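Novice: need the 3D shape of this:
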Amino acid sequence: MSDIAGELAWVREAFDKPTLRLLDRKWAPFVLAVFKSSFSRDRRSVPCELLHTQVDAYLADLRSTGIDAPEKTGRALCVQWMNDLWLYREIRDAGDGNEEHYSLTSHALEALLLVDGLARDRALISESRLSTIVDTVRHRATEANPDREERVRRLNQQISELTSERDRLAGGGDIEPASNEQMHEGYANLTDLIQQLPSDFKRVEESVAAMHRQIINDFRGEERPISEVLDDYLAKTDALMSSTAEGRAFEGAFTLLRNDALMQGLKADLETILLHPFALELSLNERRSFMSTVTLLRKGIDDVLTQRKGLTTTLREHIVNHDVVKDRELERVLRDVNRELATWMQTARPRSTVTAELMPGTLEVEHLRERFYDPVAHTGPPALADVSGAAPAAPSLGDLRQQGGPLLEELRDALVAAFGAGEAASVGVAFNGFDASLRRPVEILGLLQLAAQLSTPIGPIGLESFTTVRPDGSVRLFDVPRRILTDDDTAALAAQDLGSQHD
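Specialist: Numbers count the residues shown, from 1 in each chain. Predicted coordinates:
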């Protein structure tokens with residue numbers, strides 16, 4: 001007998017999920033284009049009113065160019081997308097009050113990831129992807145094999161291979177540089193894995209939010225004892241973190257974030273990858289997105305922990321505010337009412353009634369004293385002690401300037417003098433030769449401000465190291481885009497009028 005009926009039911013169930021429903025709609029390209037334009041890795045949420053205005057602007061732009069667009073307002077479309085489980089609305093603290101924000105659900109993130117994968121020109125089946133699979137399979141097979149001798153054999157083989165490679169390099173062996181093609185394949189593999197993290201974190205966050213809503217409903221319904229609700233919460237938390245792929249990914253990322261050395265190593269490895277020549281072919285947004293992997297991990301962890309904190313707060317508040325004594329008193333009163341009602345029904349007729357007050361009467365009290373006289377409240381506070389003799393010495397003007405912004409005039413004069421005398425090959429070399437008072441970290445911002453008013457450099461821009469000296473004497477290195485000043489740039493820099501910047 002054919003299995004087509006079962007397969008058809010399985011496919012229909014998949015198409016009923018919000019991810020495929022989004023891709024199956026008539027306006028799917030428009031919806032995904034709006035999501036991709038309005039949200040990004042750095043912009044995870046948008047104020048509701050702002051998104052309504054943006055969608056209205058997108059609709060107007062499309063209609064002005066003759067492109068067919070939905071005949072609805074931005075607010076109506078956002079509400080529809082929220083009902084379709086593509087947008088999630090939540091209240092966030094905006095500093096001066098609470099403000100409603102929209103964020104993408106895991107279903108919308110998965111749809112964007114799928115479309116982005118289909119739109120790529122580079123195939124993901126590469127040496128890097130296969131090497132990742134082979135290494136992962138070898139590692140898991142070693143962990144899964146209970147044979148002690150086999151595990152020792154595998155470890156000895158790895159140690160032998162690594163020792164041979166180390167001895168070869170230590171003996172002066174050649175280092176085979178990675179080609180641009182190999183680095184591109186590895187970069188594509190890494191970005192594909194990294195891009196799956198936001199939807200994984202979002203699914204964990206949505207699971208915790210759904211658990212939050214269910215527990216609130218259980219508390220309000222009072223259908224189960226508190227102990228059962230708490231046991232259910234703990235069981236669901238354990239299952240969420242261990243039985244689902246997104247939960248395991250969350251636990252792995254959380255373990256990674258708790259290891260500072262591992263996080264520093266991850267950041268250093270990302271920087272090393274971008275120092276390869278292939279990175280010059282990447283756009284600025286691609287390099288910035290790749291370097292923000294650590295930030296992405298921290299943001300996903302913070303969002304999940306925020307949801308868990310809200311759930312824990314709800315449990316704590318209900319447990320603290322739940323008065324067992326009052327519940328027992330109410331239960332005793334209701335039992336007494338039922339007992340009296342049974343006694344009354346023995347003699348009552350079919351249409352007999354009982355007059356009962358729904359609310360207790362008020363007490364007729366003209367005034368109830370709330371606070372009594374306290375002589376201490378009318379005594380003055382003790383005199384303040386004179387501690388002016390222990391005051392530290394006032395800082396000098398020079399000390400205050402060292403704590404302030406960049407010294408633009410001094411920087412400009414020192415830079416013009418260095419290039420005029422031919423003593424500097426670049427701005428970084430000139431900076432490293434300045435006096436310590438002109439090499440504070442903030443002076444780098446001053447140099448960038450001065451350079452922004454000059455001509456745009458031509459050719460590839462590399463990085464060079466700036467050695468800065470803080471006011472306390474500590475030294476710190478910064479990597480800044482390399483800049484070389486021409487004679488025209490030096491003349492223009494010397495002619496700049498910086499007087500208005502110090503008014």
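
Novice: and residue 30, how many neighbours?
Specialist: Counted with other Cβ atoms under 10 Å, the neighbours of residue 30 add up to 19. Where you see a C-beta, it was placed from the backbone N, CA and C, and this is true even at glycine.

Novice: same check on the one 5 residues further on?
Specialist: As a burial measure, residue 35 scores 20 neighbours (other Cβ under 10 Å).

Novice: surely it is in contact with residue 105?
Specialist: No. Using Cβ atoms under 8 Å, residue 35 makes no contact with residue 105, being 10.3 Å away.

Novice: overlap in contacts of the two?
Specialist: Counting by Cβ atoms under 8 Å, 6 or more residues apart in numbering, the shared contacts of residue 35 and residue 105 are residue 86.

Novice: continuing past whatever helix or strand residue 294 lives in, what's the next helix or strand?
Specialist: Using DSSP states H and E, residue 294 maps to helix 293-321. Per DSSP H and E, the first helix or strand lying C-terminal to helix 293-321 is helix 324-345.

Novice: alpha carbons of that following helix, as CSV, please.
Specialist: Taking Å, rounded to 0.1, in the frame of the first residue of the first chain, the C-alpha atoms of helix 324-345 are listed here in CSV:
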residue,chain,number,x,y,z
VAL,A,324,-2.6,30.4,52.7
VAL,A,325,-4.3,31.6,56.0
LYS,A,326,-6.8,33.7,54.1
ASP,A,327,-7.6,30.7,51.7
ARG,A,328,-8.3,28.5,54.7
GLU,A,329,-10.5,31.2,56.3
LEU,A,330,-12.5,31.6,53.1
GLU,A,331,-12.8,27.8,52.8
ARG,A,332,-14.1,27.6,56.4
VAL,A,333,-16.7,30.4,55.8
LEU,A,334,-17.9,28.6,52.7
ARG,A,335,-18.3,25.4,54.6
ASP,A,336,-20.3,27.2,57.3
VAL,A,337,-22.5,28.7,54.7
ASN,A,338,-23.1,25.3,53.1
ARG,A,339,-24.0,23.8,56.6
GLU,A,340,-26.4,26.6,57.4
LEU,A,341,-27.9,26.3,54.0
ALA,A,342,-28.5,22.6,54.5
THR,A,343,-30.2,23.3,57.8
TRP,A,344,-32.4,26.0,56.4
MET,A,345,-33.4,23.8,53.4
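
Novice: distance between the helix holding residue 294 and the chain's centre?
Specialist: Centroid displacement of helix 293-321 relative to its chain, using Cα atoms, centre = their mean, to the nearest Å, is 13 Å.

Novice: so what touches stretch 383-403?
Specialist: Counting by Cβ under 8 Å, 6+ apart, 407, 437, 440, 471 sit against stretch 383-403.

Novice: show the pLDDT at the second one.
Specialist: Residue 437 is assigned 85 on the pLDDT scale.

Novice: mind listing what it touches?
Specialist: 402, 407.

Novice: so what does the helix holding residue 294 touch, helix or strand wise?
Specialist: Helix 293-321 sits against helix 197-221, helix 226-242, helix 245-258, helix 260-274, with contacts defined as 3 or more Cβ pairs under 8 Å, 6 or more residues apart in numbering; DSSP states H and E.

Novice: tell me the domain ranges of the protein?
Specialist: Domains of the chain are assigned by automatic domain parsing as 4-119, 196-320, 402-502.

Novice: and the ones you listed: which comes nearest residue 346?
Specialist: Nearest to residue 346 among those is domain 196-320 (32.3 Å), distances taken as Cβ to Cβ.

Novice: how about the helices in the stretch 351-500 of the chain?
Specialist: With helices called from DSSP state H, counting those that start in this stretch, the stretch 351-500 of the chain shows them at 397-402, 408-420, 427-432, 441-452, 487-494.

Novice: give me whichever of the ones you listed is most buried.
Specialist: Highest mean neighbour count among the helices of the stretch 351-500 of the chain (mean count of other Cβ atoms under 10 Å): helix 427-432, with a mean of 21.

Novice: next, work out how far apart the residue nearest to residue 411 when sequence neighbours are not counted and residue 274 are.
Specialist: Spatial nearest neighbour of residue 411, chain neighbours left out: residue 446 (5.0 Å); criterion: Cβ to Cβ, 6 or more residues apart in numbering. Distance of residue 446 to residue 274, given as Cβ to Cβ, to the nearest Å: 26 Å.

Novice: repeat that for residue 34.
Specialist: Residue 34 is 31 Å from residue 274, by Cβ to Cβ.

Novice: now swap in residue 103 and tell me
Specialist: Distance from residue 103 to residue 274, by Cβ to Cβ: 29 Å.

Novice: same question, residue 461
Specialist: Counting by Cβ to Cβ, the gap from residue 461 to residue 274 is 13 Å.

Novice: looking at these two, which one has more neighbours?
Specialist: Using other Cβ under 10 Å as the criterion, residue 461 and residue 274 rank with residue 274 on top: 18 against 11.

Novice: tell me which element the residue lying closest to the more buried one once chain neighbours are set aside falls in.
Specialist: Excluding the flanking residues, the one nearest residue 274 by Cβ to Cβ, 6+ apart is residue 287, at 5.8 Å. Assessed by DSSP H and E, residue 287 sits inside helix 284-291.

Novice: which stretches of the stretch 401-503 of the chain have low pLDDT?
Specialist: 458-460, 497-503 (pLDDT under 70).

Novice: do that again at 90, thanks
Specialist: 401-439, 443-464, 470-473, 480-503 (pLDDT under 90).

Novice: before we move on, back to that, can I get the domains of the chain in TSV including distance to residue 355?
Specialist: Listed next are these as TSV, based on distance: least, Cβ to Cβ, whole Å:
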stretch	distance to residue 355
domain 4-119	47
domain 196-320	30
domain 402-502	80
